[in-house]
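Asks: Model the following, please.
(chains A, B and C)
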Amino acid sequence: MEFTINQIAGMLNGTVRGDGAHKINMLGKIQDAKRGQVTFLSNPKYEQYIYTTQASAVIVKRDFQARKEITTTLILVDDPYSSFTVLLEEYHRVISFQKIGVEEPSFIGKNVSVGKNIYRGAFSYIGENVMVGENVKIYPHVYIGDHVRIGDNSILHSGVKLYAGSKVGKNCLIHSGTVIGSDGFGFAPQEDGSYKTIPQLGNVIIEDNVTIGANTVIDCATLYGDSTVLRKGVKLDNLIQIAHNVEVGKNTVIAAQTGISGSTKIGEGSVLGGQVGIAGHLVLANNTSIGAQAGLGKSIKEEGAKIIGSPAFDVKEYYKAYAVFKNLPALKDRLRELENKMRQLNGSLESQIEKMEEGE
Amino acid sequence: MEFTINQIAGMLNGTVRGDGAHKINMLGKIQDAKRGQVTFLSNPKYEQYIYTTQASAVIVKRDFQARKEITTTLILVDDPYSSFTVLLEEYHRVISFQKIGVEEPSFIGKNVSVGKNIYRGAFSYIGENVMVGENVKIYPHVYIGDHVRIGDNSILHSGVKLYAGSKVGKNCLIHSGTVIGSDGFGFAPQEDGSYKTIPQLGNVIIEDNVTIGANTVIDCATLYGDSTVLRKGVKLDNLIQIAHNVEVGKNTVIAAQTGISGSTKIGEGSVLGGQVGIAGHLVLANNTSIGAQAGLGKSIKEEGAKIIGSPAFDVKEYYKAYAVFKNLPALKDRLRELENKMRQLNGSLESQIEKMEEGE
Amino acid sequence: MEFTINQIAGMLNGTVRGDGAHKINMLGKIQDAKRGQVTFLSNPKYEQYIYTTQASAVIVKRDFQARKEITTTLILVDDPYSSFTVLLEEYHRVISFQKIGVEEPSFIGKNVSVGKNIYRGAFSYIGENVMVGENVKIYPHVYIGDHVRIGDNSILHSGVKLYAGSKVGKNCLIHSGTVIGSDGFGFAPQEDGSYKTIPQLGNVIIEDNVTIGANTVIDCATLYGDSTVLRKGVKLDNLIQIAHNVEVGKNTVIAAQTGISGSTKIGEGSVLGGQVGIAGHLVLANNTSIGAQAGLGKSIKEEGAKIIGSPAFDVKEYYKAYAVFKNLPALKDRLRELENKMRQLNGSLESQIEKMEEGE
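Replies: Coordinates of the predicted model:
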């Protein structure tokens, strides 16, 4: 990728202040960008670097007021951060090696339909009766069980495992080692203390535009015809556990190592921090925000709740309570002191009364 | 699968109330089962649906008393839930594609003994001196290291990795991405601040009827001849960490994302919630119950303990303490108020005494 | 491996007390070692076993004073534990099957340079422009993306996935299912509530002598030219999450299931317990010690801090506060009692004053 600063400004609907003829061939961070690179300034705490950066151009907000002399060329835009992500994407498209075609050996079962322009890596496995859309990339060691469907433009990185019957929408991105459609954790206790495995016959449905990190697990639903569902636009991080029959609402974002127990429904537009644990059979309203490491045992009825703690409650209340918790030993000392004073007071009051009674 | 209601009742030792001649070809949930489906009623809170369900038959408890008119056929049994799981299992056996045979390319080392009726998927790898029992299913991308043994009827889903020397019993089910026999986490600190890796030479033994979820890790024991052990009937969920030399007792159930540190022994019949953390070198009595997200740093001597919290203690005591924790700011305010009153009281008492002394 | 006790003592610079001619062919634990095995005594609480062990030899400290008769042969050394690990290592070298050579089918892309004495297992995949050092072991189902570099003597166990551009140093050991270089979790919120994926163009750099457990995930850095970095000698356990742009300092050890959010820098020589969660953009000083299940939201400036809790603070303070927490219901009762006494006291004082005033 090599563009002039003027060309880049054009792509971003930006205005150039300075020399727009310089060539840009790389993106960089404002702290250490070099000549030939373009960078951006969005967070004010990095402003200092704009006066010293070696970058050939810096993308800044239209109303940016320099407080010192600037030697680099500026590209003025409405939102520098989002403009920069546009460039990143463009860059990504150009530099990333666009895998296409079939590497051998690979395995493909009977009755498989495959769209055009797909990549099937070596050692990838596609079972029977599978439908794969256009422009799909199936990296090496991917396993696609029977009756799976994968929509256009989706990417399955090396080692993704899709159990039989799973459905993946369009424009999905699934990272290495993620398992989709494994059995839900269901066991019926027997009289002798052992457990009988309850067959898990449902599947997993992943709607369009979903991104899933690495080594995450999404179990299938229990009953035939039922599904564990990730709605459109859901973003899951790495090492997440999604149990059977869970439904994650549209555009909900979940950070790494969080676990959601069976049959729980998460409202859309929600944000869950890392290492959160959610019990089974709950319903969470839309736009719920759950802090890292929280544990949730009850449904959330009100939209927009912000909670943390284990068990979780209102985030502000939690931090107030925790501030007292940190000083509990001092609080206990104050209580003890008060008890002592009370005893002394009672004593002195009694002796006072005695005195008074003597005095009478 | 297509049976009449009478045939299904016969399989379940149930009694038909209504028309038993209808054909059933599917299982469903009571809320949305359709004609041709059989469902069940176990949890009383779903009773409402029995009066409106479209299901052709509902499995209910023998002593079920209808409070309104019922149009569907009933199958009366002792335990509707467990009867339904019997049907699920039967269904599973029939519909699930019974993989058998060898897909190519697959890899098999020297001196391997393999039972009859096994499935070896494409890209599966079996090392040297391995023994595999009858009816075993080895899905694509499974790795079986040297000297591994796998008992009859066990199933290894795609991408399971068994390090050299691991032993898996009969009727075991291991889901995708699970790693068995990786090195325990053992390092000897050196004088220069670095760590020297302590070789891990033991193995993992998984007894009969064990189920393990996806992307779980079970490390091998440290010393040659020692083993990390999952006893008969253990059920592990997804993304669990079992460190070196751990022993999990018979019929113990562990939910997702829990971690057990090295050399700890968990008693049989125990139930561990999700995201629990247990320190190393502990011994937990039988039938221990540990709530989600608990952290345990001490052994449990008494059988049947129920604990939660980090560090964990008695579950009822924990929730009482946590109830006070949530209101700590109010409690602190009450303490402050009491201190103020005490000061006032001391003040007024002093002035009182002064007065009295003046009055003397 | 078969050595005489005298030969073993020679390897360890130890002194033999007893018959040094016996042959040793196995290592064992002092509790259950048998004839022909050598074991060690380091922890005093195992001393009892030295008087009854069947082991042919026991490695003990030079100043060990027996309190009863000992029938086994002793090998006196400065540090029995570290001497034993030397033997373990030697044993490991001898018994572990030294895989070398290429198994087929395996995949190797264009322009790959491979050192001598390497092992490439069946179904392993090496992309284009990859450089692999000497004595490297690449187990079956390993995926090595384009432009990856792997240093001498490193071992990648079955199913390890290295995304394009990753760099692994010398003498590294990476266990099964670990994913290196997956996309960082970065999304730009859009006006319609959806999220736009921010391309992740950096890579992961793993320096020399790093060990990584199974099913761990290390995301790549966001910007091209940036890296997520594990410094020399880092030891990571299983199921750990390392987000984009994180840097883990030299010789830092992290236990299982811990997660570190984006751009955080962990100082060298630090020790993190299991299931710890660390927020993004923090800086932790060298030699920080973080207890299991802690949650950290602030940077640590002082070296050698020891913290726990969520949010985490000083470990001693935490346990003091937690001791009070466990008894909060009793503390609340004491407060209530004090309030009652205060009310009574105020009452009796008032009546006293009334009396006095009446008496005047």
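Asks: Would you mind giving the secondary structure of the residue of the stretch 251-360 of chain A found nearest chain B?
Replies: Nearest residue of the stretch 251-360 of chain A to chain B, counting by CB to the nearest CB: A:Val324, 3.8 Å away. Every residue, glycine included, has its C-beta placed from N, CA and C. Following DSSP: H, G, I helix; E, B strand; the rest coil, we place A:Val324 in the helix state.
Asks: who's in contact with the nearest residue to it once chain neighbours are set aside?
Replies: Distances taken as CB to CB, 6 or more residues apart in numbering or on different chains place B:Leu328 nearest to A:Val324, at 3.8 Å, with adjacent residues excluded. Contacts here follow CB atoms under 8 Å, 6 or more residues apart in numbering or on different chains; on that basis B:Leu328 touches A:320-321, A:324-325, A:328, C:328.
Asks: again, 7 Å this time
Replies: Residues near B:Leu328 by CB atoms under 7 Å, 6 or more residues apart in numbering or on different chains: A:321, A:324-325.
Asks: residues in contact with A:Pro140?
Replies: A:Pro140 is in contact with A:121-124, A:158, C:125, C:143, counting by CB under 7 Å, 6+ apart.
Asks: Can you list the buried residues in stretch A:83-103?
Replies: Under the neighbour-count criterion of 16 or more other CB atoms under 10 Å in any protein chain shown, stretch A:83-103 has A:83-88, A:90-92, A:99, A:103 buried.
Asks: Let's see which of those end up in strands.
Replies: The strands, defined by DSSP state E, take in nothing from those.
Asks: okay, those residues in TSV with distance to chain B next?
Replies: Shown next, in TSV, are those (distance: CB to the nearest CB, whole Å):
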residue	distance to chain B
A:Ser83	38
A:Phe84	34
A:Thr85	31
A:Val86	35
A:Leu87	35
A:Leu88	30
A:Glu90	34
A:Tyr91	32
A:His92	28
A:Lys99	19
A:Glu103	13
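Asks: From A:Asn327, how far out is the residue nearest to A:Val324?
Replies: 10 Å (CB to CB, to the nearest Å).
Asks: Could you do A:Lys341 as well?
Replies: Distance of A:Lys341 to A:Asn327, given as CB to CB: 20 Å.
Asks: Now A:Glu47. Its backbone dihedrals?
Replies: Main-chain dihedrals, A:Glu47, degrees, to the nearest 10: phi -60, psi -40.
Asks: quick one: the residue lying closest to it once chain neighbours are set aside and C:Pro189, what's the gap?
Replies: Residue nearest to A:Glu47 in three dimensions, not counting chain neighbours: A:Leu41, with 6.5 Å by CB to CB, 6+ apart. Note on A:Leu41: its distance to C:Pro189, by CB to CB, is 20 Å.
Asks: Neighbour count: these two, which is higher?
Replies: A:Leu41 (22 against 14; other CB atoms under 10 Å in any protein chain shown).
Asks: got the CA positions of the worst-scoring helix or strand of chain A on mean pLDDT in CSV?
Replies: Ranked by mean pLDDT, DSSP states H and E, the weakest helix or strand in chain A is helix A:80-95, scoring a mean of 77. Extracted C-alpha coordinates of helix A:80-95, given in CSV (Å, rounded to 0.1, in the frame of the first residue of the first chain):
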residue,chain,number,x,y,z
PRO,A,80,-9.7,10.4,14.1
TYR,A,81,-10.1,7.0,15.7
SER,A,82,-12.7,5.8,13.4
SER,A,83,-10.9,7.2,10.4
PHE,A,84,-7.8,5.3,11.4
THR,A,85,-9.7,2.1,11.6
VAL,A,86,-10.9,2.7,8.0
LEU,A,87,-7.2,2.8,7.0
LEU,A,88,-6.4,-0.2,9.1
GLU,A,89,-9.1,-2.2,7.3
GLU,A,90,-7.9,-1.0,3.9
TYR,A,91,-4.4,-2.0,4.8
HIS,A,92,-5.6,-5.4,6.1
ARG,A,93,-7.3,-6.1,2.8
VAL,A,94,-4.2,-5.3,0.8
ILE,A,95,-1.5,-6.9,2.9
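Asks: Now do the strands in the stretch 251-360 of chain A.
Replies: Under the criterion DSSP state E, counting those that start in this stretch, the stretch 251-360 of chain A contains strands at A:253-254, A:259-260, A:265-266, A:271-272, A:277-278, A:283-284, A:289-290, A:295-296, A:306-309, A:312-314.
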